[in-house]
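Visitor: Test case, fold it:
(4 chains)
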Amino acid sequence: MSYTTDEMMTVAAARVLRDGASCFVGIGLPSTAANLARATHAPDLVLIYESGCIGAKPTSLPLSIGDGILAETADSLVSVPEIFNYWLQPGRIDVGFLGAAQLDRYGNINTTVIGDYADPKVRLPGAGGAPEIAASCKQVVIIVRQSRRTFFDRLDFVTSVGQGDRSTFSGAGPQTIITDLGILRPVDGEFTLTQVHPGIEAAQAVEATGWPLQVSPDLTVTPAPTDEELAALRKLAG
Amino acid sequence: MSYTTDEMMTVAAARVLRDGASCFVGIGLPSTAANLARATHAPDLVLIYESGCIGAKPTSLPLSIGDGILAETADSLVSVPEIFNYWLQPGRIDVGFLGAAQLDRYGNINTTVIGDYADPKVRLPGAGGAPEIAASCKQVVIIVRQSRRTFFDRLDFVTSVGQGDRSTFSGAGPQTIITDLGILRPVDGEFTLTQVHPGIEAAQAVEATGWPLQVSPDLTVTPAPTDEELAALRKLAG
Amino acid sequence: MARIATLAEAVGELVHDGDVVALEGFTHLIPFAAGQEIIRQGRRDLTLVRMTPDVIYDQLIGAGCARKLIFSWGGNPGVGSLHRFRDAVQHAWPVPLEIEEHSHAGMANRYVAGASGLPFAVLRGYTGTDLPKHTDTIKPITCPFTGETLTAVPALNPDVTVIHAQRADRKGNVQLWGITGVQKEAVLAAKRSLVTVEEIVDTLEPRPNAVTLPGWVVTMVAEVPKGAHPSYAHDYYVRDNEYYKAWDAISRDREEFQRWLGEVAR
Amino acid sequence: MARIATLAEAVGELVHDGDVVALEGFTHLIPFAAGQEIIRQGRRDLTLVRMTPDVIYDQLIGAGCARKLIFSWGGNPGVGSLHRFRDAVQHAWPVPLEIEEHSHAGMANRYVAGASGLPFAVLRGYTGTDLPKHTDTIKPITCPFTGETLTAVPALNPDVTVIHAQRADRKGNVQLWGITGVQKEAVLAAKRSLVTVEEIVDTLEPRPNAVTLPGWVVTMVAEVPKGAHPSYAHDYYVRDNEYYKAWDAISRDREEFQRWLGEVAR
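Guide: Numbers count the residues shown, from 1 in each chain, chains lettered A, B, ... in the order given. Next up, the predicted model:
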């Protein structure tokens, strides 16, 4: 079955979630990937949304992190302060799935501002729950399309922390960046291309990156999406 | 209708509660008095129990602060941390009703220990919610039988604060002590006999007090319990 | 006991020029009707507080009601940017907008501290981010037992909090269910509160996952059916996603927005 | 996903000599059966934690299971004193009992801090009382914004928390309702947890005022009908007030107590 680069990215992201794990999910690509995992190899994946839905089991993709279907299907529904304080902060959630407007080689993310903070070129939405997801989940997976508009050498603003000072945080931070071209993992603290999707050359990923992207000598190739994965994804996307 | 001194005390305590007020209720005499007020002149009195029951409307007297009837009839049922943090601490509750094992002329209460803390003569139950009730309700009413076993010159232990340093607290502290003999109110920071129940002489109250009890020159006499009050009380007591 | 009034009366009485105003509702139960009534009544110089200033705050900001925004995520969920918010921050249109920016956990805990009668809350967060450089309501605090350094944020105590709920009874006891967000904390933290509801009923039946706010902690209640539209009210109506998408086009252009405003303000 | 086991297996596996153990339940749903199983299995040197050590802790203390008690109110509710607790504190019988004493608000907030992954909690309290003179887990803390002095208490993170609930499903999701006390916090604060339940069912139906603890935050679940007796389980059975009254006589006398213990420990 043929597939798009977005489908490959989403399938690759879904695969990193083991069955039974708990996953804090942002909206958009992260939510799609997490729901795909639940629909395929990880039926007991626990989806947690910052709106307070723990163990949500949506049958179609939610449009926001607070859709009614998430509340209706959740094992437990709690307040927003509780989801951050009792569930996220203590480090009891296995994986945080995040998107990013801009990120750097350390996995720092900027979703706040482009240009000067006081006199911005573009004002972005801001932090939301991302800083705490990045701080407190046992590990973080970033899902983002790879381009020089996103993969920056130097961020104008650090909204959530990557491989920097994590001494006050309970989690290990970003360990995986999954893009439409491949997968990056930290090597000596710097995100390095360790895997490419089928048909992608490492040079394409280097070209799409705003810092001098290191390429692993042990570069592997992602197995193509299976028919089952694609069927499940397309069914979800409705 | 004839009545006991305990009945007089309970009726006098009930009368201080205005309709529509919110009242944080301890078990025993305070609970009886609060429920009597609700059954008579204050049908919209809001009873709050530390077990998390807000607006409980028991039809018979609960035996503990956590009886099922309190949960079943509450307007809102919340966790124990929430009742202390969101409801009691900010000072939004009008009246706190407390009992006491020992108290002094400043309205300080001891429910912790008689004798030395490390080597006690009698180990009492301890603080419970009393320190926070005394600290945070807009005002506190203490309901206790008057005797030298209870009204002490000097406490072995201050469990909850009376007229002392209240700078970090939101409430005004104890304003009324209601006993089986009369009512004490603070005059220049010292609890003074301001009212006696019918048939009680001030001298009896002085005799029953372990400190040199001051008697107000404007001493008044409590109106005797009405038939309606007594009937309601006896119906409650079942 | 909360007083029951019309929306216009309640906003007129409770929301004043210069107030600190929180309209809360996390995706669900956003008090749109009350927000638009604030626009209609022409309030000015408000400090608007909200974790997720979405379309309703874009409308208030575009209408020139606000001089400051305290927030943690300002987007049009599922659609993109808030163009009136961006225009205010980037070009001071129609008036300059001061911002005080936090994370969700920081904002939630600021309401918790406010509801708890504490001057501050403690959390793990902000360390290593650029937020503390620009937001002076983020400070370090040391644990007196372990010596560990954590982060403190000050309490939020709005002059008035506005929320929308499914139901109230005639005494002004309020019941909301589904995703209940930070509404309880926002009401309990505020000096005054207004709750708009889908309907006023004789008796609030107990139901799963419901939060009940007793009438004695609510200042006023107004019956406003569809008062959360275009957001949703669980068991009443679903989110009007088309409205959110249409807002993108309306809000991108100052003239288009002015036309919209002329219609709403009428 | 919680493992489902017998009570004896679960206590044997989760509760070790020397552990910090919290059995929680505020008046309602007190895990009596689990406490008595700890006695039967002869655990020693436990640090027992509980807001309201009532009859079950009197039994554990009298049986010599505890070396320390962390608590805020130690009485027999509606009856009077806990005589085994008093005997231990006043006469070190059967073994000395160290105490660490707080108020209810302090204990509740210590669990909240523990559940939140924070080293301490802040509250208004203790000032002017004699508690800080004798309890070194109470310290002043200054608000970094207002300069006000408040009180800090350290997090409680028990090695194991034991609670009783009405129901669990076969995946170990736990549901409790009625007065839910501090149980959620006590479980989330603990390294391990055991939940005894009235019954294990196929599906947990949503119900008003219910707290649901997902199976992945619970270590083990044991089906123990009447496991809260003589306390009560809302919608299952009422409090056995006679048991509480009878305990007064049993516990006043060491020999009477020993007879009782001989029967339970068998």
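
Visitor: Please count neighbours and contacts with C-alpha atoms only from this point.
Guide: OK.

Visitor: all helices for the chain, in order.
Guide: In the absence of a named chain, chain A is used. All helices of chain A, identified by DSSP state H, fall at A:5-15, A:29-39, A:68-73, A:80-82, A:130-136, A:202-207, A:227-237.

Visitor: wrong one, chain C
Guide: Along chain C, the segments classed as helices by DSSP H run C:7-14, C:32-40, C:55-62, C:83-91, C:104-115, C:131-134, C:183-189, C:241-252, C:254-265.

Visitor: out of the helices of chain A, nearest to chain B?
Guide: helix A:80-82 (11.5 Å; C-alpha to the nearest C-alpha).

Visitor: contacting residues around the closest one?
Guide: A:50, A:51, A:52, C:105, C:108, C:109, C:112, C:180, C:181, C:182 (C-alpha atoms under 8 Å, 6 or more residues apart in numbering or on different chains).

Visitor: quick one: average pLDDT of it?
Guide: Averaged over helix A:80-82, pLDDT sits at 98.

Visitor: Now render the helices of chain C as a markdown table, adding distance to chain B, mean neighbour count and mean pLDDT.
Guide: Listed next are the helices of chain C as a markdown table, based on distance: least, C-alpha to the nearest C-alpha, whole Å; neighbours: other C-alpha atoms under 10 Å in any protein chain shown; pLDDT from 0 to 100:
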| stretch | distance to chain B | mean neighbour count | mean pLDDT |
| --- | --- | --- | --- |
| helix C:7-14 | 19 | 17 | 98 |
| helix C:32-40 | 26 | 21 | 98 |
| helix C:55-62 | 27 | 25 | 98 |
| helix C:83-91 | 33 | 23 | 96 |
| helix C:104-115 | 5 | 28 | 98 |
| helix C:131-134 | 27 | 16 | 97 |
| helix C:183-189 | 7 | 27 | 98 |
| helix C:241-252 | 34 | 16 | 96 |
| helix C:254-265 | 37 | 14 | 94 |
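
Visitor: Turn those helices into JSON lines, columns for distance to residue A:237.
Guide: Compiled in JSON lines, those are given as follows (distance: least, C-alpha to C-alpha, whole Å):
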{"stretch": "helix C:7-14", "distance to residue A:237": "40"}
{"stretch": "helix C:32-40", "distance to residue A:237": "29"}
{"stretch": "helix C:55-62", "distance to residue A:237": "25"}
{"stretch": "helix C:83-91", "distance to residue A:237": "28"}
{"stretch": "helix C:104-115", "distance to residue A:237": "28"}
{"stretch": "helix C:131-134", "distance to residue A:237": "36"}
{"stretch": "helix C:183-189", "distance to residue A:237": "32"}
{"stretch": "helix C:241-252", "distance to residue A:237": "16"}
{"stretch": "helix C:254-265", "distance to residue A:237": "33"}
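
Visitor: Nearest to chain D, out of the ones you listed?
Guide: Closest of these to chain D is helix C:104-115, at 9.8 Å (criterion: C-alpha to the nearest C-alpha).

Visitor: roughly how far apart are the closest residue to chain B within chain C and residue D:176?
Guide: Closest contact between chain C and chain B, by C-alpha to the nearest C-alpha, is at residue C:117 (4.0 Å). From residue C:117 over to residue D:176 the distance is 29 Å, taken as C-alpha to C-alpha, to the nearest Å.

Visitor: Now do the contacts for the nearest residue to residue A:52 once chain neighbours are set aside.
Guide: Nearest residue to residue A:52, sequence neighbours excluded (C-alpha to C-alpha, 6 or more residues apart in numbering or on different chains): residue A:78, at 4.7 Å. Residue A:78 is in contact with A:52, A:53, A:54, C:179, C:180, C:181, counting by C-alpha under 8 Å, 6+ apart.
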